[in-house]
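Colleague: Sequence and predicted structure are below.
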Amino acid sequence: MLNIIRIEWLKVKNYRTFWVLLILAIGIIPASNMIVADIVGRIPKQATDLLGKNFYDFPVVWQTVAKVNSFTSVIFGLLLLTLVTNEFSYKTHRQQVIDGWERRDLVLSKLFWVITLSLIALVVSFITAFAFGEAYSSFSFSLEGSAFMIYYFLQVLASLSGALLLGMFVKRSGLATVIYLGYTMVFEKLLTLGLKRAFGSWGDLLPLQAGDKLIPFPVVDKVLPASADYSQGVYEITIIVYVVLFIGLTWRRMLKVDY
Amino acid sequence: MSILTLRNISKRYGSLQALREVSFEVPRGSVFGILGPNGSGKTTLLGIVTDVLKADTGDFTLFDQLPTAAQRRQIGTLLETPNFYHYLSGYKNLQITAAVKQRDEKDIARVLEIAGLTARQHAAFKTYSLGMKQRLAIANTLLGDPDVLILDEPSNGLDPAGIAEVRGLIRQLAQSGKTIIMASHLLDEVEKVCTHVAVLQKGKLLTSGPVNTVMVREDFVELGSSDMNRLETVVRQHPLFGHLVIADGGLQVFFTGVIDPGELNSWLAGNGIWLNHLQVRRKSLESAFLEMTQN
């Protein structure tokens, strides 16, 4: 596995697109929170007193940062798609098997990125939440509610496993990017609406929607409790099932198919 | 020991039968040519051997063992096109191969030198010409000095000087005892370097074995005289006469037995024919191949 990681490092070390996308994906986390913090900072004090706590107060800050980041994690997905589809457009996935990789090494090499990027997202979010809490909170530091960070990690993991599957099936970078963006930004929301109308709360069990359900809008959720149809655990398990399913399908395909 | 043994390999793409029960053996130390027109299944066959394609039925062994990735690391392979990261330099691309093959990076300089790419090793692959890309692919196969090479159309995209260089290289590698499996539709190429051949047509193996026993390439004698009509009439009466072909500026005469050119000349002179051209030739691999694949 160490050799696989070293090879992946050689591939990206001098790859500018990788670094640009990575810096963008990381940088947007504090940047977007700064914008949100600025906006919610302008809510009149009477209103926030009414709501109880402000968005960047401990412990709400964990939930706020997780929610804000869930809108920008799509960049990590685009980065992963680029890494996966590059192998197909350069046919290097072929060459590496020819030169002596097992087919499973190919899947492992990209699984490494799914996990690494998810962990990067988690760590940067954690630091951001901590820093924003320290800067804006009128309450003292608390880890209460930091489980939202784990929910965010699960969201990213699910979305990246989905991107992995998509990249391995579609192979072409342009098409895969369009499908990915279309699905994350529009189609899943449409599907959720349709499914909810037809089958009720089942519609909340789509991969990204389940993640959204785990991280409701902070502060507001105390005032207007969302109709949580399932318990947290159901959404957690649903996401894990999707992750396993996406990786399993990728694995099966790459071991069997012609390159 | 056999380097590669194929047993009843079949492969179908939809309605196209790409390979039909192909079996043959590549002995150690041979330069083994896989011949066939475009689309005859050569690359499919090599793709199966290198695990990028899966056979529908049949199996094969590498070094008399079931094939694994570890054995592929002992083989230098160029399949179809050069596959490299466009944004990385030639050198950095070979670093990746060295890591995959688990070979020492020190060998990179040597193979780049052989491929004539030393001066451009730090330029990005996407800036290379077609010929340079192919050379990098050849350098890639030589990395780690493997004992077995699989080369699919190795002179693709090269200029005449490059083709001659690659042929020279293949011959040199063969002389150093390496086994080379080479697919080509350029018969000239095979004729010049191969010791063994397998001939494929529409996915079927027509024949395989040592070049000289597989392809019947009878000798013939090329004759010329000032009176070609009379030459033809007379030579037909030779006791060992087989058949003849009228070619540009001469007769190609095939005999049913071994013929000595001196005796033939004297016999013709005795019959009043004075030759202005006499040469013993061997049928080219190309015509032998065309005969074989057209039947």
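Modeller: Here it is on my side, so go on.

Colleague: any idea of the mean pLDDT for stretch A:248-259?
Modeller: Mean per-residue pLDDT for stretch A:248-259: 94.

Colleague: now that stretch, how far from the chain's geometric center?
Modeller: The chain centre lies 24 Å from the centre of stretch A:248-259; the measure is Cα atoms, centre = their mean, to the nearest Å.

Colleague: Give the buried residues for that stretch.
Modeller: For stretch A:248-259, the neighbour count (16 or more other Cβ atoms under 10 Å in any protein chain shown) marks A:250-251, A:254, A:259 as buried. (C-beta placed from N, C-alpha, C; glycine too.)

Colleague: between the residues you listed, which is closest to A:Ile35?
Modeller: Checking those against A:Ile35 by Cβ to Cβ gives A:Thr250 as the nearest, at 35.5 Å.

Colleague: got a list of contacts for the host helix or strand of that closest one?
Modeller: Secondary structure assigned from DSSP states H and E places A:Thr250 in helix A:232-256. Helix A:232-256 is contacted from outside by A:103-104, A:106-107, A:111, A:114, A:151, A:154-155, A:157-158, A:161-162, A:164-165, A:168-169, A:204-205, A:207, A:210-211, A:213-214, B:54, using Cβ atoms under 8 Å, 6 or more residues apart in numbering or on different chains.

Colleague: any idea how far chain B is from the residue located most distally from the centre of chain A?
Modeller: Most distant from the centre of chain A: A:Gln46, at 35.0 Å, with distances by Cα atoms, centre = their mean. A:Gln46 sits at a distance of 56 Å from chain B (criterion: Cβ to the nearest Cβ, to the nearest Å).

Colleague: check which helix or strand covers that residue.
Modeller: Per DSSP H and E, A:Gln46 falls inside helix A:45-51.

Colleague: And for A:Gly211?
Modeller: helix A:207-214.

Colleague: And for B:His122?
Modeller: Using DSSP H and E, B:His122 sits in no helix or strand.

Colleague: so who does it touch?
Modeller: B:89-91.

Colleague: hmm, 6 Å instead?
Modeller: Listed by Cβ atoms under 6 Å, 6 or more residues apart in numbering or on different chains, the contact set of B:His122 reads B:89, B:91.

Colleague: per-residue confidence for it?
Modeller: At B:His122, pLDDT is 96.

Colleague: same check, this time on the one 3 residues further on
Modeller: In this prediction, B:Phe125 carries a pLDDT score of 96.

Colleague: With B:Leu290 instead?
Modeller: On pLDDT, B:Leu290 comes in at 74.

Colleague: does the nearest residue to A:Val243 once chain neighbours are set aside belong to a helix or a strand, and which?
Modeller: Distances taken as Cβ to Cβ, 6 or more residues apart in numbering or on different chains put A:Ser161 closest to A:Val243, at 4.8 Å, once the chain neighbours are dropped. In this structure, A:Ser161 sits in helix A:147-170 according to DSSP H and E.

Colleague: Could you give me the buried positions within that helix?
Modeller: Neighbour-count burial for helix A:147-170 flags A:148-149, A:151-168, A:170 (criterion: 16+ other Cβ under 10 Å).

Colleague: State the distance from the nearest residue to A:Trp202 once chain neighbours are set aside to A:Tyr180.
Modeller: Of all residues not flanking A:Trp202 in the chain, A:Leu195 sits nearest, at 5.9 Å (Cβ to Cβ, 6+ apart). As judged by Cβ to Cβ, to the nearest Å, A:Leu195 and A:Tyr180 stand 20 Å apart.

Colleague: With that, I have no additional questions.
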